[in-house]
Every structure is written in structure tokens, then in C-alpha cells.
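*Asks:* Quick one, structure for this:
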Amino acid sequence: MSAMLKSVRGGDAPPRHFLELMDLEPAVLRRMLDVAGRAKRGELAGKPLAGKSIALIFEKPSTRTRVSFEVGIRQLGGDVVVLSTKDMQLGRGETPADTAKVLSRYVDAIMLRTDNVQKIRELAKHATVPVINGLTDVSHPCQLMADVMTFEEHRGPIAGQVVAWTGDGNNVAQSFIQAAARFGFTLRLATPPELAPPAELIAWARAQGAKVELTQDPIAAVRDARCVVTDSWVSMSDEREGRAESRHNLLAPYQLNTSLLKHAAPDAIVMHCLPAHRGEEITDEVMDGPQSVVFDEAENRLHAQKGVLLWALGLA
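*Replies:* Residues are numbered from 1 along each chain as shown. Got it, this is the predicted structure:
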């Protein structure tokens, strides 16, 4: 890489990747959220991403991730290149390592949304610019930054509070486990045993001092919780592999409905990262009810990701 490009990319310092919450110290995540709050309040001066180009790569369809990243980058003055696998050699056999080396010569940061966690790890290993996890099969850290931001807007500091999860122990649930360790809240997860989060992740969180409780009883999980969270039961990969019906049978008792919500704290808020399958994991009455902050949560993806981007690029 030329001396000029090294200067633009920040010299020989390693890039600031945003791959998992567990990779970063609480103070660093707090700094991102502070910037996110300033961005939402219109307190960021100028166009801090002026002259910066960000590549957004989508191997999975997206509404919120694409729009929030693209709009956020443009609002900060940056340029965006949006790519899908049908547009790239990455979808035709080029390795993530080669893709990373090439894109690092063109852009200032890369966001990838993919099923395959190994792909983003290889991309980050070989990139000389920051790589941001826009979703993988095992985590969704950008969503959790928005979720923590949303909770604290509505209910104050999340540290010491109880958050309940009901449903599938999926990638968002796994990021909630990481978040419990980094932000200091108690997390209760109610899942069928077949769909529980990985035991090694629970063990890591507890070793970090996190209070993470597992149960098969959704009422026990939500009892007196200040926040109740759920997510869709069936991913696109489950639909392709014909597992949708069996998953619905397993997860039906975990539906977030008014009967379950009444066991939470009276001022509990409800979250869902969307898209929602109304009438499955969540009912209309809860989704559209007075305790729902689902659409505030969706909006905060825009602001939280500004904090992530500015930190990753060394601008915050």
C-alpha cells in the first residue's frame, strides 16, 4: 500500500473492527452510544464522513440495515457503495480474503450482512480498513446498540435492570447475552431446550460477571422484567430447509401476547428487531400497544450505527 494510502487509512495501526460486543470494552461501547445520542440530537458538527467511502455488502436481504446505514452515512457526509453477492465475485468463488484486500484499496470501511460468521471473520482478518458486522448467523451487534439506546431513552440506565427474552435463542438473543455482560443488566431467556443459545456463550457471559438465567418457562422469564424482547421464529434458512412447521410447534408457547406481558413490570417496554410476523411470535395488541417501543428501536438503528461508524473510523 502506498504511503499516501497508509496515511488515509490511519498508518500501520490495526483497523477498529466492530464484529462482536464481546470484543470491546464497556467504555468503548459507551463512547459509541454517547456519539449516537449526540447524532440523534443534531449535535454533531459538520460532515465528519466527508471524503469517506463505505462499502455495504448484503448477502441477505435487508430493509432496516440497508436504509439505516445508507441514510446515516449520507447524513454524515460520506459516500456509499451498496453491493450484493450477485454484483460481486465474492458470490462467484472469490475468497473473503481477496475481497478484503481489494476493497481495502478502494473504501474506508466495509459493512457485511451474511449468514456465515466465518466469512466476516476472514474479511476482518485480511482487511486493512474497519469491518462492521451488519448481521451474521450468530450475532447482530448493531441491533443491540440500538436496543440499549432505546431502553435508556425510555427507562434510564440499563445497568441493574431485568431484560427478558422469549422465543428462539437466535443470533439476536446471542447478542443480548453479550450485551448483558458489557452493559450490566440481568438477562432471562425463555427458550425451548432445542433452541437454547450455545452453552459456551452463556459460560463466557457468566465468567464476565453477567447475570444470565435460562428457563423453559416464559412466565418465569418475564416476571417483573422492565423490558420484554422477542424475534421472528423462522429465518430464511429455516424456510429453505423445511424446518418452519416444527419450529412453530416448539415456539407457540413463547408467543409475546397480552397474557404473557401482564407478568412483566407494569412499566415494561416491548422490543422486537423486526421484521415481525404478527400473530406468530408477537400479537398485534402487543406490537401496537402502549408498551411497545418497536418503532423507536428501529429508528435508533440509524443513530446507533452513526456512533459505530465514527468510532470505527477514528472520528469519535
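*Asks:* Could you pull out the helices in the protein for me?
*Replies:* Shown for the chain, the helices assigned by DSSP state H span residues 3-9, 26-40, 64-75, 96-106, 117-126, 141-155, 171-183, 199-207, 218-222, 236-240, 244-251, 258-261, 284-287, 294-312.
*Asks:* Redo those helices as TSV? Include distance to D267, mean neighbour count and mean pLDDT.
*Replies:* Using the backbone N, CA and C atoms, a C-beta is placed for each residue, glycine as well. Compiled in TSV, these are given as follows (distance: least, Cβ to Cβ, whole Å; neighbours: other Cβ atoms under 10 Å; pLDDT from 0 to 100):
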stretch	distance to D267	mean neighbour count	mean pLDDT
helix 3-9	47	12	42
helix 26-40	22	18	98
helix 64-75	26	19	98
helix 96-106	45	18	96
helix 117-126	36	19	97
helix 141-155	7	23	98
helix 171-183	19	25	98
helix 199-207	26	15	98
helix 218-222	13	21	98
helix 236-240	34	12	56
helix 244-251	27	15	90
helix 258-261	12	16	98
helix 284-287	15	17	98
helix 294-312	15	23	98
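*Asks:* To L19, which of the ones you listed lies closest?
*Replies:* Closest to L19 of the helices of the chain is helix 117-126 (Cβ to Cβ; 5.9 Å).
*Asks:* what does that closest one contact?
*Replies:* Residues outside helix 117-126 that contact it (Cβ atoms under 8 Å, 6 or more residues apart in numbering) are 15, 17, 19, 59, 95-101, 110, 112, 114, 131, 133, 136-139.
*Asks:* can we see that at 10 Å?
*Replies:* 15, 17-20, 23, 57, 59, 90, 95-104, 110-114, 116, 130-139, 171 (Cβ atoms under 10 Å, 6 or more residues apart in numbering).
*Asks:* Any chance of the helices of the chain in a markdown table with distance to V162 as columns?
*Replies:* Shown next, in a markdown table, are the helices of the chain (distance: least, Cβ to Cβ, whole Å):
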| stretch | distance to V162 |
| --- | --- |
| helix 3-9 | 43 |
| helix 26-40 | 19 |
| helix 64-75 | 26 |
| helix 96-106 | 39 |
| helix 117-126 | 29 |
| helix 141-155 | 11 |
| helix 171-183 | 10 |
| helix 199-207 | 15 |
| helix 218-222 | 9 |
| helix 236-240 | 29 |
| helix 244-251 | 22 |
| helix 258-261 | 14 |
| helix 284-287 | 18 |
| helix 294-312 | 18 |
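*Asks:* Tell me which of the ones you listed lies nearest to K47.
*Replies:* helix 64-75 (8.5 Å).
*Asks:* Neighbours of the residue lying closest to E213 once chain neighbours are set aside, how many?
*Replies:* Nearest residue to E213, sequence neighbours excluded (Cβ to Cβ, 6 or more residues apart in numbering): R188, at 4.6 Å. R188 has 24 neighbours, counted by other Cβ atoms under 10 Å.
*Asks:* Make sure R64 is actually in contact with R301.
*Replies:* Yes: between R64 and R301 there is a contact under Cβ atoms under 10 Å: 5.4 Å.
*Asks:* Find residues that contact each of the two.
*Replies:* Taking Cβ under 10 Å, 6+ apart as the contact rule, R64 and R301 both touch 142-143, 146, 273-274.
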